[in-house]
Structures are given as structure tokens and as C-alpha cells.
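Peer 1: Coordinates for the following, if possible.
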Amino acid sequence: MIQSMTGYGKAIRMLGNKKICAEIKSLNSKQLDLSTRIAPLYKEKEMELRALIASVLERGKVEFNLWIEEDAAAAATPINGELLKAYYEQLSQLEKAYGLPLSPITLTPMLMRLPDVLTRTATAELTDELTDEEWDVALAASREAIDRLVEFRRQEGAALEKKFREKVDNIEALLHAIEPYEKERVENIRNRILDNLQKTLGADYDRNRFEQELIYYIEKLDINEEKQRLTNHLNYFRQTLADGHGQGKKLGFIAQEMGREINTTGSKSNHAEMQNIVVRMKDELEQIKEQVLNVM
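Peer 2: Next up is the predicted model:
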């Protein structure tokens, strides 16, 4: 099954009061174009992450983010209660001794601004070094995000494959719709040339020679080879769809070859209804070309 290059995946893993988040998204691109935004704590593992992503995704414009969110309650700066109490007692003594006009409205902000009242010493210090345990969790989140993106790509690829098969079937049906007009076209060409010949010469002519020249002229307009080659390309396109992912470039090349045969058929048609059918075939093919750019 083919895969789309468009996809999105996100995963979250918890480690203590840390929420480790990995997010990845991709769009179509001829090659793998990878950009990353990684939390400083995990920067030393960037090359490992890049190698992991490249081994799985192969193509696409990919953006990968890995960051840390701390639990709000745990991240809040704690208040040093013992020190706050000591400051309050000292200010109360100064108020009594010197008659300072201290009120609860002014006292509370003053206490909170005093040195070391707000401090992180009351909680366990957060390590600045990456531990093996934390990296295992971060790597697991990254793998899960990548897996979700791949699953997204598969779902998009299934939808694309359904559309491609529909468009290929439409082109094939239109190709068969040309056949009834081919004999009519030959007869129309014969009558038109014959009428012009009689009007121009106004005399008898060698009918055998006329038939030979007519056959030569009609052979130049014959589209049987184009029809056969186009049929082969349609079948090859279907076969390539079934071959698996990583077929985007090949499908694009096949679509180009299909376009050549359709264009040649149109230039040889010399019949209004046949040319209308060719225009409809071109429209179906153009939709294939637009979407094949999204195939990995």
C-alpha cells in the first residue's frame, strides 16, 4: 500500500512531575527535509533522533519537536514558611517599637519581596543532566509520535490509492469510448478528401492511386499504437500502486508517459468527439499528477 507524505503524530509520556512531549508532522517534498526543535536537555541525542526519523520516513518536509512541560503544582516556586515567619516577627517588633504604619495590605507584598522568601530549596532539586531513565522515556515518546505519523500516512495513502484507481479506470473507460468514432473518422476523412478532389480537378482520376494515398494518409492518423501503449501504462500504474510504499517518483514518471500518449492521441484525432474525449482524459490525468506529488 502506498503512503502519503502528509502526516501528523504526537505522544506524551510522564516521568515524575515532567510531561515529555514529542510532536512530528510532514508535508510533501522531493527529498527528506528534516528540521528539529529539541529541549536543551535532549540536545546531545539530536543525531540519534535524526537517524531514527530518517530510517522510517524516507521522504517529506518533516518538522520534529521534543519538549518538556513540568506539572504546574510542582513547578510553582515554593514559599519558605519558616523564613517568612521570622521576617513577620521582626517587622511586628519594629512596628511596636517605632510605631510603623504597617497594615495587612502593605505587609504581605513587603514580606513576599524579602530575600529568599520565594525559593526552590524546599523541593528536590531538578537535575540538569540527562539520565538513562529519562532518555528512555523521551525516546519512547518520540517513537510513538513517529508511529502515529506513519499510521496517519497509511490512512492518507489508502485514500489516495482509491482515488488513483478511480481516475485510471476513468481514463481506460474514455479510451474505449474513442473506438466507435475511429471508423466514422476514416469515412469522414475519405469523403472530405474525395469532395475536395472533385471540386478542385473536376475530372476523372485514378481511383486505385487515390485509395493508396488515402491509406497512407490515414496510417499517419492511426492511434492503435498510442492506445496500446496507454493501456500498458495504465496497467503498470495499477501494478505499481500494489507494490508498496516508496513508489511516488515512479508513479510520477508513469503519469508523464500516460500524458504523452494522450497528447499524441489528441493530435491525431482529427474528429471533434474524439478530441472532446481526449480533453476529459487529460482532466483525469491532471488530477492524478496533482495528487501523486503527495505520495512517498
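
Peer 1: list the contacts for residue 244?
Peer 2: By C-beta atoms under 8 Å, 6 or more residues apart in numbering, the contact list for residue 244 reads 1-2. Every C-beta, even on glycine, is put in place using the N, C-alpha and C of the backbone.

Peer 1: a strand runs through it, doesn't it?
Peer 2: No: per DSSP: H, G, I helix; E, B strand; the rest coil, residue 244 lies outside any strand segment and is coil.

Peer 1: shaky segments in the stretch 51-200 of the chain?
Peer 2: 71-77, 100-107, 111, 117, 119-128, 196-198, 200 (pLDDT under 70).

Peer 1: Is residue 281 in contact with residue 172, as I believe?
Peer 2: No: using C-beta atoms under 8 Å, residue 281 is not in contact with residue 172; the gap is 9.6 Å.

Peer 1: excluding its backbone neighbours, what's nearest residue 37?
Peer 2: Excluding the flanking residues, the one nearest residue 37 by C-beta to C-beta, 6 or more residues apart in numbering is residue 65, at 4.7 Å.

Peer 1: Return the residues in contact with that neighbour.
Peer 2: Residue 65 neighbours (C-beta under 8 Å, 6+ apart): 21-24, 36-38.

Peer 1: nearest to residue 152, of those?
Peer 2: residue 24 (9.9 Å; C-beta to C-beta).

Peer 1: So the closest one belongs to a strand, correct?
Peer 2: Yes: counting by three-state DSSP, residue 24 is part of a strand.

Peer 1: Who does it form a beta bridge with?
Peer 2: Under DSSP bridges, the beta-bridge partners of residue 24 are residue 9, residue 64.

Peer 1: how near is it to residue 63?
Peer 2: As judged by C-beta to C-beta, to the nearest Å, residue 24 and residue 63 stand 7 Å apart.

Peer 1: more neighbours, these two?
Peer 2: residue 24 (27 against 16; other C-beta atoms under 10 Å).

Peer 1: wait, that one sits on residue 66?
Peer 2: No: checked against C-beta under 8 Å, the pair residue 24 and residue 66 is beyond contact range at 9.1 Å.

Peer 1: Need the residues touching each of those two.
Peer 2: residue 142.

Peer 1: how is the chain carved up into domains?
Peer 2: 79-113, 156-292 (automatic domain parsing).

Peer 1: Do a quick rundown of the helices in the stretch 101-250 of the chain.
Peer 2: 104-113, 132-201, 207-220, 224-242, 248-269 (DSSP state H, counting those that start in this stretch).
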